[in-house]
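Asks: Pasting the sequence and the predicted model now:
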Amino acid sequence: MAISETTVRDAIKLAVDEINADGGVLGKEIEIVAEDGASEPAVFAEKAEKLIRDDCVAAVFGGWTSASRKAMLPVFENHDALLYYPVQYEGLEASPNIFYSGATTNQQIIPALDYLAEEGVESLYLVGSDYVFPRTANAIITAYADAHGIEIKGEDYVPLGSTDFSTIVNKVRTEDADAVFNTLNGDSNVAFFREYTNVGLTADDMPVMSVSIAEEEVGGIGVENIEGQLTAWNYYQTLDSDQNTTFVGAFKDEYGDERVTSDAMEAAYTSVYVWKESVEAAESFDVADVQEAAGGVAVDAPEGTVTVDGENNHLVKTARIGEIRDDGLIHTVWESDGAIEPDPFLQTYSWADGLSVDDAEG
C-alpha cells in the first residue's frame with residue numbers, strides 16, 4: 001500500500017508544519033511521532049497501541065485499508081483515544097473514537113452508481129481486492145442494482161497485491177457488461193488496467209468506475225492505460241478554488257513540482273485542521289472534551305467546506321465524478337448538488353435494509 005499511504009503521511013506533515021508556523025494549537029507546537037503499518041492490519045494495531053500507550057500522543061492520523069482501520073478500532077476504543085481516518089470506506093460503521101474524514105458510502109459509491117445509471121448503464125461487472133472494503137461495497141452495489149434494474153454480470157476478487165489479471169479481464173470482456181465497478185486497491189490497479197488495455201478494452205467500449213484510484217496512482221498505471229476512465233471521489237487536484245490553489249502550491253513547494261495531490265491526501269490534510277479546530281473549540285486536548293466539541297466544527301478545506309456530523313463523526317462532503325485525461329489528472333464531469341450529509345448505515349435508503357458488514361463478509 002506504499003504507493004498510496006506515503007501520500008497521506010506527506011499531507012499530514014504539511015498540515016502540521018503549517019499549523020506550527022501559525023502558532024500551533026492552544027499555544028503548543030505539534031510534534032509528529034511516525035510509525036509504519038507495513039500494509040499489515042496487525043502491525044497497524046500494534047503501532048497504534050505503542051503510539052497511545054508509550055508515546056502518549058494527543059491523536060493518531062492514518063491508516064488506509066478498512067482492514068487496517070478495523071484492526072485499530074478496538075485499540076482506540078479500549079484506550080479511549082482518537083483516530084482520524086482519511087480514506088473513503090464502505091460505511092456501516094461509526095465509533096466515538098474515530099473521525100472519518102474520507103467519504104462514506106452515500107458520499108461516493110451511491111453517487112457513482114447514480115451517475116452510471118443516468119448514463120444508461122444497465123449491467124455491471126464487479127472487480128475488487130479480497131478484503132472488507134470491496135466485499136462490503138459490492139454487497140451494497142448489488143443491493144442497489146437489484147433495486148434499480150441493473151444486472152450484475154460477474155463478481156471477482158483477488159488478494160491485495162495480486163498482479164495476474166489475465167483470467168479476470170478475459171471474463172470481463174466475455175460477459176460484455178455496460179461498465180466495470182472497480183474496488184481494487186493498491187498495486188493491483190496497475191496490473192489490472194495494463195491487462196485491460198492489453199486485450200483491447202477501452203473507456204469507450206466498457207468504462208471502468210474506480211473508487212480507489214486517484215492522481216497518485218494514475219502515474220503508476222500509465223496514462224495510456226487509463227485515459228478516459230472514471231473515478232468517484234470528493235476532491236481532485238484540478239478543483240478551481242482559492243483554498244485548493246493554495247494547498248496544491250504548498251504541497252508542490254514542499255515535495256516537488258512533479259508530485260500530485262489526491263483525495264485521501266487532501267482528507268488527511270484536512271483532518272489535522274479538523275482536530276485543531278475541535279481542540280480549540282474544546283479549549284482542551286482531553287479526548288472527551290474534543291469529542292464533545294467536534295460536532296458542527298467546519299473547515300474551509302481544499303475540497304470545499306466540510307463539517308463534522310456530531311452524531312457519527314463523519315464529515316459532510318460534496319461528491320464528484322471525475323474523468324482521467326491525457327494530462328494525467330482527473331477532471332470533474334459531475335458533482336452533487338451541494339454537500340451530502342453522511343449516512344454510514346444507509347438508513348435513508350429503503351433498498352439497503354438489512355445490509356451489514358457481516359452480511360457482506362459472509
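Replies: Cool, got the structure.
Asks: Backbone torsions only: list them for Val306.
Replies: phi -120, psi 150 (degrees, to the nearest 10).
Asks: actually Thr305, sorry about that
Replies: Dihedral pair for Thr305: phi -70, psi 130, per degrees, to the nearest 10.
Asks: give me the beta-bridge partners of Tyr125?
Replies: With DSSP bridges as the criterion, Tyr125 is bridged to Gly154, Val180.
Asks: tell me the contacts of it?
Replies: Going by C-beta atoms under 8 Å, 6 or more residues apart in numbering, Tyr125 touches 152-155, 171-172, 175, 177, 179-181. (Each C-beta comes from the backbone N, C-alpha and C, glycine too.)
Asks: Can you select the buried ones from these in ChimeraX?
Replies: Buried residues within the contacts of Tyr125, by 16 or more other C-beta atoms under 10 Å, are selected in ChimeraX with:
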select :152,153,154,155,172,175,177,179,180,181
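Asks: Looking at the contacts of Tyr125, which is nearest Gln88?
Replies: Relative to Gln88, the closest of the contacts of Tyr125 is Phe181; by C-beta to C-beta it sits at 14.0 Å.
Asks: Would you mind listing the residues in contact with that closest one?
Replies: Counting by C-beta under 8 Å, 6+ apart, Phe181 has contacts 112-113, 116, 124-127, 138, 141, 208-209, 211.
Asks: let's go with 6 Å and repeat that
Replies: Phe181 sits next to 124, 126, 141, 209 when contact means C-beta atoms under 6 Å, 6 or more residues apart in numbering.
Asks: show me where the stretch 151-300 of the chain has helices.
Replies: With helices called from DSSP state H, counting those that start in this stretch, the stretch 151-300 of the chain shows them at 166-175, 188-198, 215-221, 223-226, 242-255, 263-282, 287-294.
Asks: Quick one: closest of those helices to Asp327.
Replies: Closest to Asp327 of these is helix 223-226 (C-beta to C-beta; 7.9 Å).
Asks: Show me what the closest one packs onto, helices and strands only.
Replies: In this structure, helix 223-226 packs against helix 188-198, with contacts taken as 3 or more C-beta pairs under 6 Å, 6 or more residues apart in numbering; DSSP states H and E.
Asks: pLDDT value on the residue of the chain most remote from its centre, please?
Replies: Centroid-distance maximum for the chain: Gly27 at 31.7 Å, with C-alpha atoms, centre = their mean. At Gly27, the model reports a pLDDT of 97.
Asks: can you check Ala360 too?
Replies: On the pLDDT scale, Ala360 is placed at 46.
Asks: now do Ser4
Replies: On the pLDDT scale, Ser4 gets 80.
Asks: what's the helix or strand for it?
Replies: If you go by DSSP states H and E, Ser4 is part of helix 2-21.
Asks: what comes up buried for the helix or strand just after that helix?
Replies: For helix 2-21, the succeeding helix or strand toward the C-terminus, using DSSP H and E, is helix 41-53. Neighbour-count burial for helix 41-53, counted by 16+ other C-beta under 10 Å, picks out 41, 44-49, 51-52.
Asks: I'd like those residues written out as CSV, with distance to Ser336 added.
Replies: CSV is the format used below for the buried residues of helix 41-53 (distance: C-beta to C-beta, whole Å):
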residue, distance to Ser336
Pro41, 32
Phe44, 32
Ala45, 35
Glu46, 39
Lys47, 36
Ala48, 33
Glu49, 38
Leu51, 35
Ile52, 36
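Asks: Secondary structure element holding Tyr144?
Replies: According to DSSP H and E, Tyr144 maps onto helix 132-148.
Asks: circling back to that earlier point, which of the contacts of Phe181 has the most neighbours?
Replies: Counting neighbours by other C-beta atoms under 10 Å, Leu124 comes out on top of the contacts of Phe181 with 26 neighbours.
Asks: Noted, bye for now.
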